[in-house]
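K.L.:
Would you be able to build a 3D model of this:
(chains A and B)
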Amino acid sequence: MKLSEKEVEIIEILEKDARIPMETLAKMVELTVEETEAIVKKLEETKVIVQYAALVDWRKVDGHEGVTAMIDVKVTPKRGVGFDEVAERIYRFPEVKSVYLMSGAYDLSVVIEGRSMSEVAQFVSEKLSTLDSVISTTTHFILKKYKHDGTVFDQGDQDRRIVVAP
Amino acid sequence: MKQQVKKSYVSETVARLKPSGIRRFFDLASSMEGVISLGVGEPDFVTSWNIREASILSLEQGYTSYTANAGLLELRQEIAAYLMRKFRVEYNPETEILVTVGASEALDLAMRAIINPGDEVIVVQPSFVAYEPLVTLAGGTPVLVETHGDDHFKLRPEHIEQVITERTKALIICSPNNPTGTVLQKEELEAIGRIVKKYDLLVVADEIYAELTYDDEYTSVAAVDGMWERTILISGFSKGFAMTGWRLGFAAAPKEILQAMLKIHQYAMMCAPTMVQYGALEALRSGEQDVEYMRKSYRRRRNYFVQSLNEIGLHCHMPGGAFYAFPSIQSTGLTSEQFAERLLIEEKVAVVPGSVFGSSGEGYIRCSYASSLEQLQEAIKRMKRFLERL
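P.N.:
The predicted structure is shown next:
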């Protein structure tokens, strides 16, 4: 889909801050509020904007004991459908947060979120490894998130500038 | 014993120099908590990591000695390539480019290299606070020329012609301008150039904000027909590359002038700090994308902020560059200093009174929009409340 410069600009702004007030957004791109709303609506309807999400640092939430694992999966591709069929079987599980087809030492990179390490382990051994096409899995648990989707967690973002300067 | 009145050891020129008007506001604003500052003349971005990393690496590798007085040749070559790429102006990196400690040093060197005692230098107001004192310190006489809000603070040839005397040596141009954000277009520079040539003047062109222009293609004074040979182009890394604290600038000028500046630089400064020069080298080699990202971000904030100022009743022309809005506060009946002081005390928003930048800045305030969008939104809210109370 060919988008106009203003449309791309609106996407860039929303990608950084999806909660920006429509009036502010409109001023930033030099359009009226109505024009801006129409563009956002179009972008949503055409699924260019797929979803508005919050990036959460769950470590700060008491009682939330989630774990994230990245699993390298080697699979046998099937004639006619390649990796797509097995990828779909994997991404349909609700525990699976993302699935990427990779080049290199393994085929699929699968990100899983569970409540505990044993829950993830159980998913891998009972659901993932037992799929017909899956040859092997290697599980890596994420110990700490420093940067995610371009955002640095716990960044000291205080303004160090002096208050008035020439 | 009767005590004699102690004589002053300070030079008369320095003693007569006015302290910067910004200083008073700095002291006042710094003493308060929870202030939203629109008073800063610098980016709110931290220098890109690539640049910082390159500087750290240079230290790790032991590059801790002096460089050539004019700066690393490698860096001068990159600056020459950058000036060619961006502004279509050609300089010989060996003899026509000088790396300085900030554009401020380059400005000082330019004044000292060209001014004979009593020479007049035209300073266009509203202007950056250092021009006038730098001319005075170099033994020259600043001749002030006013530009006005109703003409978007454009410098017109007739303004210059009105003040030219036999002693006029040079003209300082800052485009995009601090504090007004006004950018001089190619044809406007050509018109100014005709006068400059007619009276055989030099132009000291402060182009530190050249990277931050938003609507039209930027024209350097040096790129205007017949102006290269009478221009001292001054720029640096502070604004475009978000490297204010690094203090790295440069000057580009015809050999004779540049070499005169180099003479002073080698006695006064020896050379710019080595690790900083390595950071700047990386900035020119890989910084373009980051500059573009920052430029876009300022442009969006400018659009939001200037439109909002107009909506709350502070008429503001659309600045074409830099990161300053310069709205008129004449409708309030307050002087710019009264306005800034009351806004600071009553609503904790720091802006700089326009009078600080010269007499034609009276009736205006300088607001930097190099702040987060949240801060700008809050500042607008507070300014609106302040105006409604007046």
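K.L.:
after the strand or helix carrying A:Thr36 comes which helix or strand?
P.N.:
Element membership of A:Thr36 [criterion: DSSP states H and E] is helix A:33-45. Of the helices and strands lying after helix A:33-45 in sequence (DSSP H and E), the nearest is strand A:67-75.
K.L.:
what's near enough to touch the residue nearest to B:Ala138 when sequence neighbours are not counted?
P.N.:
Excluding the flanking residues, the one nearest B:Ala138 by Cβ to Cβ, 6 or more residues apart in numbering or on different chains is B:Met111, at 3.9 Å. Every C-beta, even on glycine, is put in place using the N, C-alpha and C of the backbone. Contact analysis of B:Met111 by Cβ atoms under 8 Å, 6 or more residues apart in numbering or on different chains lists B:Val121, B:Leu134, B:Val135, B:Leu137, B:Ala138, B:Gly140, B:Val204.
K.L.:
For these, give me TSV that also has pLDDT.
P.N.:
What follows is the contacts of B:Met111, written out as TSV (pLDDT from 0 to 100):
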residue	pLDDT
B:Val121	98
B:Leu134	97
B:Val135	98
B:Leu137	97
B:Ala138	97
B:Gly140	98
B:Val204	98
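K.L.:
hmm, which two among the residues you listed are most spread apart?
P.N.:
Farthest-apart pair in those is B:Leu137 and B:Val204; separation 14.3 Å (Cβ to Cβ).
K.L.:
Looking at these two, which one has more neighbours?
P.N.:
When neighbours are counted by other Cβ atoms under 10 Å in any protein chain shown, B:Leu137 and B:Val204 differ, and B:Val204 comes out ahead with 29 against 17.
K.L.:
ok but the more buried one is inside a strand, no?
P.N.:
Yes. Under DSSP: H, G, I helix; E, B strand; the rest coil, B:Val204 falls within a strand.
K.L.:
Isn't it up against B:Cys174?
P.N.:
No. Using Cβ atoms under 8 Å, B:Val204 is not in contact with B:Cys174; the gap is 9.2 Å.
K.L.:
which residues are contacting the helix or strand bottoming out on mean pLDDT in chain B?
P.N.:
Lowest by mean pLDDT, DSSP states H and E among the helices and strands of chain B is helix B:21-30, with a mean of 86. If you take Cβ under 8 Å, 6+ apart as the criterion, helix B:21-30 is touched by A:162-166, B:35, B:37, B:39, B:129, B:340-341, B:344, B:350, B:352-353, B:355-356.
K.L.:
now, which of those lie within helices?
P.N.:
B:Ala340, B:Glu341, B:Leu344 (DSSP state H).
K.L.:
List, one by one, the residues from chain B near chain A.
P.N.:
When proximity is defined as Cβ under 8 Å from any Cβ of the partner chain, chain B approaches chain A at B:20, B:22, B:25-26, B:29-30, B:35, B:37, B:39-42, B:44, B:128-130, B:178, B:296, B:300-301, B:303-304, B:307-308, B:350, B:352, B:371, B:373, B:377.
K.L.:
Nearest to B:Gly287 among the contacts of B:Met111?
P.N.:
Ranked by distance to B:Gly287 (Cβ to Cβ), the contacts of B:Met111 are led by B:Val204 at 25.7 Å.
K.L.:
what stretches of the chain score poorly on pLDDT?
P.N.:
No chain specified, so I'll use chain A. Within chain A, the stretches with pLDDT under 70 are A:156-157.
K.L.:
meant chain B actually
P.N.:
B:1-3.
K.L.:
Strands of the stretch 51-200 of chain B, start to end?
P.N.:
For the stretch 51-200 of chain B, the strands defined by DSSP state E, counting those that start in this stretch cover B:97-100, B:120-125, B:141-146, B:168-174.
K.L.:
and what of chain A?
P.N.:
Secondary structure of chain A (DSSP state E): strands located at A:67-75, A:96-101, A:108-114, A:134-141, A:147-148, A:151-152.
K.L.:
Which one of the ones you listed lies nearest to chain B?
P.N.:
strand A:151-152 (10.8 Å; Cβ to the nearest Cβ).
K.L.:
quick one: strands adjacent to the closest one?
P.N.:
The sheet places strand A:151-152 alongside strand A:147-148 (antiparallel), with pairing taken from DSSP bridges.
K.L.:
contacting residues around the partner strand?
P.N.:
A:Leu55, A:Phe153.
K.L.:
what's the answer for stretch B:157-168, then?
P.N.:
Residues from elsewhere that reach stretch B:157-168 (Cβ under 8 Å, 6+ apart): B:118-122, B:124, B:141, B:143, B:145-147, B:171, B:191-192, B:194-196, B:199, B:201.
K.L.:
and that stretch, how far from the chain's centre?
P.N.:
The chain centroid and the centroid of stretch B:157-168 are separated by 23 Å under Cα atoms, centre = their mean, to the nearest Å.
K.L.:
again with stretch B:181-199
P.N.:
Worked out by Cα atoms, centre = their mean, stretch B:181-199 lies 18 Å from the chain centre.
K.L.:
for stretch B:349-364, same thing?
P.N.:
Using Cα atoms, centre = their mean, the mean C-alpha position of stretch B:349-364 is found 16 Å from that of the whole chain.
K.L.:
just stretch B:276-287 next, same as before
P.N.:
Stretch B:276-287 sits 21 Å away from the centroid of its parent chain (Cα atoms, centre = their mean).
K.L.:
same deal with stretch B:303-314?
P.N.:
For stretch B:303-314, the distance to the chain centre is 24 Å (Cα atoms, centre = their mean).
K.L.:
same deal with stretch B:69-76?
P.N.:
On the basis of Cα atoms, centre = their mean, stretch B:69-76 sits 23 Å off its chain's mean C-alpha point.
K.L.:
Quote the end-to-end distance of that stretch.
P.N.:
Chord length of stretch B:69-76, first to last residue, is 11 Å (Cα to Cα, to the nearest Å).
K.L.:
Please enumerate residues in contact with it?
P.N.:
Residues from elsewhere that reach stretch B:69-76 (Cβ under 8 Å, 6+ apart): B:93-94, B:97-100, B:250, B:262, B:265-266, B:270-272, B:274, B:277-278, B:280-281, B:284.
K.L.:
for it, which positions count as buried?
P.N.:
For stretch B:69-76, burial by neighbour count (16 or more other Cβ atoms under 10 Å in any protein chain shown) applies to B:Asn69, B:Ala70, B:Gly71, B:Leu72, B:Leu75, B:Arg76.
K.L.:
ok, A:Pro21 - how many residues close by?
P.N.:
Applying other Cβ under 10 Å, we find 11 residues neighbouring A:Pro21.
K.L.:
among the ones in helices among the contacts of helix B:21-30, who's most crowded?
P.N.:
Neighbour counts for these peak at B:Ala340, which has 29 neighbours (criterion: other Cβ under 10 Å).
K.L.:
pretty sure that one is touching B:Val351, no?
P.N.:
Yes. With contact defined as Cβ under 8 Å, B:Ala340 reaches B:Val351; the gap is 5.2 Å.
K.L.:
joint contacts of those two?
P.N.:
Common neighbours of B:Ala340 and B:Val351 are listed as B:Ile365 (criterion: Cβ under 8 Å, 6+ apart).
K.L.:
what about residue 161, neighbour count?
P.N.:
The chain I'm using is chain A. With other Cβ under 10 Å as criterion, A:Arg161 counts 19.
K.L.:
my bad, chain B
P.N.:
Neighbours of B:Glu161 (other Cβ under 10 Å): 11.
K.L.:
And it, how close does it get to B:Val135?
P.N.:
In this structure, B:Glu161 and B:Val135 are 20 Å apart, going by Cβ to Cβ, to the nearest Å.
K.L.:
got it, and A:Leu31?
P.N.:
45 Å.
K.L.:
Compare these two and say which one has the larger neighbour count.
P.N.:
Taking other Cβ under 10 Å, A:Leu31 and B:Val135 do not tie; B:Val135 has more neighbours (25 against 18).
K.L.:
just to revisit the earlier point, Throw the strands of the stretch 51-200 of chain B into TSV and include distance to A:Leu43 and mean neighbour count, thanks.
P.N.:
Output for these, formatted as TSV (distance: least, Cβ to Cβ, whole Å; neighbours: other Cβ atoms under 10 Å in any protein chain shown):
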stretch	distance to A:Leu43	mean neighbour count
strand B:97-100	46	27
strand B:120-125	45	24
strand B:141-146	48	17
strand B:168-174	40	23
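K.L.:
Kind regards, and thank you for your time.
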